[in-house]
Structures are given as C-alpha cells and as structure tokens.
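1. show me the folded form of this:
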Amino acid sequence: MPLELLKLDDRSSLRRQWSSRILDEAQPRDLGHSDCVRMDDMMTQLTERMQSVLQPTHEMVSDISGRLKTLERKFMDTDSGWKKEVAAIQEAMMRVTTSA
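-> Have a look, this model is predicted:
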C-alpha cells in the first residue's frame, strides 16, 4: 500500500515503529572480549591501510616541497642577477647621456 494512501494514524504508527527500531539499533551493547579483540584488529588494519596510502603521498609532497624551495632560490638568484644587470645598463646609459 503506498504511503500516500495511509491514514494519518497509520503514518504516525509507522513513524513510531521506525523510531523505535532506530533507537533499538543505536543502543550500545556489551561487547565481549572477542568483540573487543576483533575491533582492535580492525582498527590496526585500518591504521595500516591508511599509512600505506599516506606514506607515498607524504614522500611525494615532501619531494615537491624540496623542489619548490630550490626553484624559489633559483628564481631569487636570477631575479637578483637581472636587477644588477638592469642597474648596470641604466648606469651606462646615464653616462652616455651625460657625456653627450
């Protein structure tokens, strides 16, 4: 029977049943020793899997970071060199214009 055809009382009853079922499933239960061991094993496996994924990613990011620092240093050196060269050319041009 489609939900639209249910009477208001039936819908309320369904809501109560679903709420009750959800609350029952959400109730904590006593875990036995074997359940705790199984949970610990699952957590250990999850941690190992996460590390196996994160380790190569961390290494790649560290490598990229190192390369970026090197590139920044090279850029700063090049920029400094160009500034010196431009200053020398401007000075030479000033000498030419003042001597003419």
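
2. could you point out where the chain is predicted with low confidence?
-> Scanning the chain for pLDDT under 70 picks out 1-12, 14-15, 18, 21-31, 100.

3. let's see that with 90 instead.
-> Within the chain, the stretches with pLDDT under 90 are 1-41, 53-54, 96-100.

4. what ranges do the helices span in the protein?
-> Secondary structure of the chain (DSSP state H): helices located at 8-26, 33-99.

5. got a markdown table for the ones you listed, with mean neighbour count too?
-> C-beta coordinates here come from the backbone N, C-alpha and C atoms, glycine included. Compiled in a markdown table, these are given as follows (neighbours: other CB atoms under 10 Å):
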| stretch | mean neighbour count |
| --- | --- |
| helix 8-26 | 10 |
| helix 33-99 | 10 |
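
6. next one: stretch 90-100 to chain centre, how far?
-> In terms of CA atoms, centre = their mean, to the nearest Å, the centre of stretch 90-100 is set 57 Å apart from its chain centre.

7. could you shift the numbering so residue one becomes 18, and keep it that way?
-> Happy to do that; since the first residue is 18 now, the last one works out to stretch 107-117.

8. can I have stretch 65-73 written out in PDB, keeping just the CAs?
-> What follows is stretch 65-73, C-alpha atoms only, in PDB (Å, rounded to 0.1, in the frame of the first residue of the first chain):
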ATOM      1  CA  GLU A  65      48.000   0.100   8.400                       C
ATOM      2  CA  ARG A  66      46.000   0.800   5.300                       C
ATOM      3  CA  MET A  67      45.800   4.500   5.900                       C
ATOM      4  CA  GLN A  68      49.600   4.600   6.500                       C
ATOM      5  CA  SER A  69      50.200   2.600   3.300                       C
ATOM      6  CA  VAL A  70      48.300   5.300   1.400                       C
ATOM      7  CA  LEU A  71      49.600   8.300   3.200                       C
ATOM      8  CA  GLN A  72      53.300   7.300   3.300                       C
ATOM      9  CA  PRO A  73      53.800   7.600  -0.500                       C
END
